[in-house]
Every structure is written in structure tokens, then in C-alpha cells.
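> Test case, fold it:
(chains A and B)
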Amino acid sequence: MKLSNYFLPTLKETPADAEMESHKLMLKAGLIRKVTAGVYDYLPLGFKVLKKIEEVVREEMNNAGAQEIKLPIIQPAKLWKESGRWDDFGPEMFKLADRKEREFALGPTHEEIITDLVRNELNSYKDLPLVLFQINDKYRDEIRPRHGVMRSREFLMKDAYSFHSTQESLDKTYERMYDAYARVFDRLGLDWVAVEAPTGLMGGSYSQEFMALADEGGEEIVVCDDCDYSSNIEIARYEVSSEYSENSPAELKEVETPGMETVEEVANHLGIPSQKVVKTFIYRTDDGLVAALVGGDDDIEEMKLINHLGTKKAEMVSSQADIKAITGANFGSIGPIGLKDDIPVYADLDLKSLTNFTVGANKNGFHLTNVNWDRDIEDVKFINLRKVREGDRCPECGSELDFHKCIEVGQIFQLGTKYSDSLDGEYQDRDGNLNPYIMGCYGIGISRLIPAVIQQKYDSKGINWTGAVSPFSAALIVLGSEGEESFRLGEALYKELKELDYEVLVDDREVSPGFKFNDADLIGAPIKIIIGPRGLESGVLEVESRSGDKEELNLENKDVKQIAEKLGERISALG
RNA sequence: CGGGGAGUGGCGCAGCCUGGUAGCGCACCUGCUUUGGGAGCAGGGGGCCGCUGGUUCAAAUCCAGUCUCCCCGACCA
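Numbers count the residues shown, from 1 in each chain, chains lettered A, B, ... in the order given. Take a look at the predicted model:
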């Protein structure tokens, strides 16, 4: 491609509304432009990268035995109402109506549509298993789009769905998909890990996320040093502690804690470790109120509460008036003992071994101390409830857990029969009985992979493409002016390299040399081949890698074809 | 939805407090010179100062409302 007529509007100044480095670079390097919040134009360079990633994903999906299809973006509300997700997705879905006021959604994902397709066509166990995939735009009315295409409202995703008659068959496909994902992310040159993940709105029994490590990423994971345990922090398990257990229960006492609202104040007042002041939170769920208890130094991980309850929502009761009405006290003094209305009590696993601890008395200005399970509080369910924190140990092997920030680039799910049940997706087995398909689904955020890749490898000069992502294998920087020997050679080499299947960008613009060098670095060209009058005088071309390694290529006694071949070798070696 | 910030040529910003003919840098156009890490000189084009209303002789500037965008949080395959 010749830069003189390539639409590549690079920016010298950083756009004011970008925060994350990958977002700034995508704007500066002319990959994308914003249309409105969460909606972007892909310019030629950005679109080229997108297609590169798409192609890697497509190849690996095909290799894994998945068949490509294309499903509609406009989807009838009927199917979403059948599955129950018309309401579950709620305001996250872009909804629209046709002229007859029939309701539709712009697909945020495609489980409903594909289950509908398959239920009409696959009736026998002989047709299973089947794996279908598509690469298509998805629409979600994100509550807050951010960081460019990292979290946008229109985005490109590869989604695959598998249908099975047995769990073993699902396990096998799930594993094959895992392997395919591993190859995709390796080929893209990502530094990634797979972790146990919450299933969220997709539902299902087991799920893993593929995370690209990045300090500015919005997700957090824990990874064990020694064994292969790793998890999204929202569902992470931990080795349960018994640090604060004592043998003999002491006498339950009500103590005055006037005006004290924080754990710290109460702990100091009573002269006890803050972890022994147990915090109580009241949550409003689909099935009514629950109390949730964690140690004084801990925080609740709401995702864990939601998972354990099997509820769709759990909202902390956060208004003083409501909490007073429920417990009879203000926030600083609420506790699990003597709650009205048979509010079920869930406590974090770490608390189980706790003895002689302190809780709010549900009476302003008072706490109960020397509280013990069973004797003072009955029917408590102990669950993994608290946030994992620095210093926590692996639930599998006891080694220390590492914490990492990262970007979610893919997720795979064992869905089970959630959608086949609600949408009546059934096949007939060998005995003639009808059974729901056992399903899996597998997503890769294609558009999000662009910032993910950039985020891992950029430097002060710009983007630094890795692996199979680079839109061009080299920048051919032609110095001097039109009509000179350097331009003639540049043109000829460009043609030869194209013959040899190298995608080269020729900078034949009428701008100063510095401009060309900086743009080549900004857009992340893996190597620069510099053809200038100065080099030609001494019979050489300069070849410089993105990292700054330079070498010279002697032109003596070589024709254009031979030079191009030599350059090709350098491109293959350095790129 | 809660908290914070911002809307002034394509981009980055100043001007607003203290009302009086809209400015700077980059980019763009023309010409000449220049050509190895974002060139120089000269000339030029482009803005309903987000929108609506109000105050005033006069509003980018003051007041009210509204819309949009960004950041933090809630939320999120």
C-alpha cells in the first residue's frame, strides 16, 4: 500500500477524551474514530487489524471442527421472552419496534437465535454433537462504555455454540475449544491466562475466562504460584483461616458503643482485633431479605452471594431509613441476632471457626460481644462470601495467591440445558425419548483484542504489533523526492516484495523524513526499510527493527529481485 | 443512577472571574525554499463559542433550563 493515497489520519496530539494508552494509540495511529459514545468507525488500518484477528480465529475454529454461519442481528422479542432474558438483560439490550410495533432487539448475544435454529432442524441424537460459530457484531447498551473499543456498545465477537446428547460429549468439545482458544491467543502474541469465571447472565454450570494480562485492565484475577488454580476474583476461593478461634466460649455480653459506627472504633474500644468485629449487611434479593456476614477486615463479594442464592439480583440495603425499619438500628449497630422476619443469615467460611466475636446489637449504641455460633445464633449458612485479599492462600495447595489486572478477551461456558429447556430444544435418543440438548457456548471479543494486544506491547513511540496481528510486515520509507533514484528503487522494491507476498507499506508522501519515521513507529510497523539518497550513495539500504536494531543491506551487484529477496529474509527474521 | 469534570474552526487549548467586532499551536490551501527522527518564510481558507430561553444598549463571557461527552463508582459474555 502506498501511503500517499492511503487513508491514514495520524494525530500528533492526543485526543482529550482518551484515558487508556491503547485507546489513545488507536486514535493517534488512525485505527478508529469515535462516532458517538461506544460506537466507532474503523479506518483502513484498524479494519485491517480487525480482519487479521478475525482470520486467526476463523482458522482455529475451523480446525477445531466448528462450522461457520451467520445469524441475524435483528432478533424478534418473542425468542427472548421465551428464554426469559427479555427482562433479564433488560436495559442492556437495544430494543426497537417495526412499523407494526412488533418488538425486536439488536442481538447482544445469540443463544436464543441459534437454539431456535437448531431445535427446528436437529431431532436425532445421530445429528449430535454439532458446533456452529459466527463472527458478527453484537449490541449492548452498556451502562458506561469506556476506553474506546475496549468496552463499546457495538462490537465484533466470535461466538460458537455446541449441542450434545451427553455431558461427556460436551466435555470433549469444551476441551477442544479451550485448546483452540489457547492457539488463537498464542498466535496473536498475547500474554494470557485462563481462569475460573462467573457465568453471569449466560447461565450454565462451569465457565472459564481467557484473560490478557494488563495493568490497566478492568478485571482482576488470582493465580496460584504453585498449582494450576486460577480464578476471576469475583468467585475466587481461598484457604479458610482459623486464626481467631479460642477454645472456651465466654459469657455473652451487651456492651455500650456510643456513637461508634466503624469496625475500627468498636475494636479499639473493646481492645479486640478488628477481624473479630463481624460486619452485617442486609441484602434485598428476588426472594426477600438476607443478612450477610464477613469479618471486620473483609468486604463482601456480591457475585458470590448471588451465586449461592441462585438469585438474579442482590442489592445492599443502603438507606438509613430502610435499615432502621428492618433491624431497629442504624448501620453501625446492626447484627445477626434478633433480626425480624426470619431473615436468613449467611456468613463467610472464615467466620466458622471464630469464637467470642462481636456483632451489632440491633440497638443504636450497643454491640454484643463474646458471641458464639449455635449458642447465640442458629441456622447460619457458611459460604464463600468475602472478597479475596492480598495474602490469601490457594484453596487447592496453600501457596500464596498472586493478583493480576487483566482484560477479558474470551470466555467459554458449559451451559447445560438452560436454553434448550426454556426454548424446548429437544432431540430423540436411541430409545425414542425426548431430551433437551446439552449446550456449550464460546466467545472471543474480536474487536476488544485490538486494544488488548496494543496494551501489552506499546512503548513511548507507539504501537508495537506482535504475532499475527501486524497490519503490515514492513514500512518502506522512501526519502528524497519524487523522480529521484530512491523513489524509483522504492517503487520497484515495493512491487517485488508484493510478488513475494509481503504486505508492505510504502511511505512515498511529500513530508519530512522525521514525519515518516515517527508515523512508521506510531502505527507499529515491525521493521522500517529506509531508502534514501544518503544510503544509496554508499550503496546500502538501512533496515531498522521496531526495537531500534539497525543493520545495512549492501546493494552492490544485486538486481531488484535479489534485493527484495534479501529484504524478505530480514522481514521474516525481524518481524 | 450517585460523585467529579468538560463542551470555543478537523485536533489540542486560551479567552469567561471583571460583558464591548473570537484568539493561539497543530492540521489544511497557494507559492518559494528545504529534505535522514514531527522543516522555514510569505500569503490564505475555515467557527450560530453544544442547544433553548432570560438579563442587558450590547452575551463565548452573567442567570435558568436542557443536551452531549469524559473520569470514578454501581453494572458488565
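> in which helix or strand would I find the residue in chain A that RNA strand B sits nearest to?
Here the residue of chain A nearest RNA strand B is residue A:514; by Cβ to the nearest atom of the strand that distance is 2.2 Å. Any C-beta I mention is one placed from the backbone N, CA and C, and that applies to glycine too. Element membership of residue A:514, judged by DSSP states H and E, is helix A:513-522.
> Need the residues that contact that helix.
Under the criterion Cβ atoms under 8 Å, 6 or more residues apart in numbering, residues A:3, A:8, A:10, A:25, A:28-29, A:461-463, A:475, A:477, A:479, A:505, A:507, A:509, A:528, A:532, A:546 lie in contact with helix A:513-522.
> Can I get that helix as CSV, trimmed to CA atoms?
C-alpha atoms of helix A:513-522 as CSV (Å, rounded to 0.1, in the frame of the first residue of the first chain):
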residue,chain,number,x,y,z
PRO,A,513,11.8,12.3,7.0
GLY,A,514,11.1,12.7,10.7
PHE,A,515,7.4,12.6,9.9
LYS,A,516,7.8,9.3,8.1
PHE,A,517,9.9,7.7,10.8
ASN,A,518,7.6,8.7,13.6
ASP,A,519,4.4,7.6,11.7
ALA,A,520,6.0,4.2,11.0
ASP,A,521,6.8,3.7,14.7
LEU,A,522,3.4,5.0,15.8
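> Okay, buried residues for that helix please.
For helix A:513-522, a neighbour-count test (16 or more other Cβ atoms under 10 Å) marks A:516-517, A:519-522 as buried.
> now that helix: mean pLDDT?
In this model, helix A:513-522 has a mean pLDDT of 96.
> Please tell me how far it is from the chain's geometric centre.
Computed by Cα atoms, centre = their mean, to the nearest Å, the chain-centroid distance of helix A:513-522 equals 33 Å.
> if we can go back for a sec, the residue of chain A closest to RNA strand B and residue A:465, how far apart?
Using Cβ to Cβ, to the nearest Å, residue A:514 is found at 22 Å from residue A:465.
> got it, and residue A:417?
Distance, residue A:417 to residue A:465, by Cβ to Cβ: 42 Å.
> who's more crowded, the two?
Each of residue A:417 and residue A:465 has its neighbours counted (other Cβ atoms under 10 Å); residue A:465 has more, 24 against 17.
> Would you confirm that the more buried one contacts residue A:457?
Yes - using Cβ atoms under 8 Å, residue A:465 is in contact with residue A:457, at 7.4 Å.
> any idea where the helices of the stretch 1-150 of chain A begin and end?
Along the stretch 1-150 of chain A, counting by DSSP state H, counting those that start in this stretch, helices occupy A:21-28, A:44-63, A:77-83, A:85-89, A:111-121.
> highest average neighbour count across these?
Most buried of the helices of the stretch 1-150 of chain A by mean neighbour count (mean count of other Cβ atoms under 10 Å) is helix A:21-28; its value is a mean of 23.
> Report all helices and strands that it contacts.
The criterion is 3 or more Cβ pairs under 8 Å, 6 or more residues apart in numbering; DSSP states H and E, and the helices and strands that helix A:21-28 contacts are strand A:32-36, helix A:446-457.
> again, 6 Å this time
Helix A:21-28 sits against helix A:446-457, with contacts defined as 3 or more Cβ pairs under 6 Å, 6 or more residues apart in numbering; DSSP states H and E.
> Residue A:340: which of the buried residues of helix A:513-522 is nearest?
Comparing the buried residues of helix A:513-522 against residue A:340 with Cβ to Cβ places residue A:522 closest, at 64.0 Å.
> Quick check: bridge partners of the closest residue to the closest one other than its chain neighbours?
Using Cβ to Cβ, 6 or more residues apart in numbering and skipping the chain neighbours, the partner closest in space to residue A:522 is residue A:462 (3.6 Å). Counting by DSSP bridges, residue A:462 forms beta bridges with residue A:459.
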